[in-house]
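[1] Kindly return the folded structure for what I paste below:
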Amino acid sequence: MKKWRILFITLLGAFCFCSSAFASSFPQKFDDRPLELIPGKIIGYFLWQDKEGVHLRMTTDGSAHNFNGTISTDGNFEDVFGKYNKDNNDCFQINKKGKEITYKFTTSGDERAIDFHISKGKYVNFRLSMDENNVNPKYIIIGKDGWNPISNEVVLRYKKYSDHEEPNVVILEQDIWWPDRYYNHRHWREPRFR
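    Coordinates of the predicted model:
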C-alpha cells in the first residue's frame, strides 16, 4: 500500500510539473490594452494590439524618464501616429524605406505613444531603452494579461513564419499585422460579375 502511495504522489508531481511547463509554452496574448496602464501612476512601456492597430505607450509615475529605441519590421509601417511633446525635444521618425521607426521621448507623468499598422511583414522587433540603458523587462508590460518578456528586445512573429524557437521571440497564434477579425475594413473584396 505504501508503494502505491509513493507511486501515486510521484506521478501526480510529474503531471503537475509537466502541465505547468506545457501551459507556459503556449503563445502569450498580445491583444488588448494592459490593465496596468494608468498614465502618471506607473513607469514603463506598454505594448498591445486592438482593432486600431499596434500600440506602444510610455509613461512614468511623475518622475522624469527618457524613453528611446527602435521598432523595425521586414514589411512596411503604415498609418503611423505619434503622441509626444515637441517642447520637450521629443521626436520620432520613420526611415525612407518605411521599415524602421526611431523615437526619443521624455516624460514625467504623462503618456507618449506610437501607433501603427504593418503591411506584408512577418515580424516586428522592438528594442526598448529607458534613461539611455536597456530597459529592465519588468518595465515592459504586454497585452491585457500584463505579461513581461525576458529581454528589452521583443520580437513578435506570426506562427506560420517561425521555424524554430528563440528565447526573445514571442510566437503569436494569429497574425498581428492584418488579421481578418481586426482589419477586415482595410480589405476590399473584388466585385463579382455574372
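[2] gap between L156 and R57?
    Distance, L156 to R57, by Cβ to Cβ, to the nearest Å: 16 Å. (C-beta placed from N, C-alpha, C; glycine too.)
[3] who has more neighbours, the two?
    A side-by-side neighbour count of L156 and R57, using other Cβ atoms under 10 Å, places L156 first with 24 against 21.
[4] which other helices and strands contact the helix or strand where that one lies?
    Assigning secondary structure by DSSP states H and E places L156 in strand 153-158. Counting by 3 or more Cβ pairs under 8 Å, 6 or more residues apart in numbering; DSSP states H and E, the packing neighbours recorded for strand 153-158 are strand 123-130, strand 169-172.
[5] The longest one pairs with which strands, parallel or anti?
    It stands for strand 123-130. According to DSSP bridges, strand 123-130 forms sheet pairs with strand 65-73 (antiparallel), strand 133-134 (antiparallel), strand 153-158 (antiparallel).
[6] Now distance to Q93 and mean pLDDT too, for those, in TSV please.
    Output for these, formatted as TSV (distance: least, Cβ to Cβ, whole Å; pLDDT from 0 to 100):
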stretch	distance to Q93	mean pLDDT
strand 65-73	11	95
strand 133-134	21	95
strand 153-158	20	80
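[7] I'd like those strands laid out as JSON lines, including distance to D110.
    Output for these, formatted as JSON lines (distance: least, Cβ to Cβ, whole Å):
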{"stretch": "strand 65-73", "distance to D110": "11"}
{"stretch": "strand 133-134", "distance to D110": "22"}
{"stretch": "strand 153-158", "distance to D110": "23"}
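[8] of these, which approaches I38 most closely?
    I38 sits nearest to strand 65-73 of all the strands paired with strand 123-130, at 15.8 Å, using Cβ to Cβ.
[9] Quick one: name whatever helix or strand follows that closest one.
    Next along the chain after strand 65-73, taking DSSP H and E as the criterion, comes strand 76-83.
[10] tell me the angle that following strand makes with strand 123-130.
    Going by axes from the mean of the first three to the mean of the last three Cα atoms, to 10 degrees, strand 76-83 is angled at 30 degrees with respect to strand 123-130.
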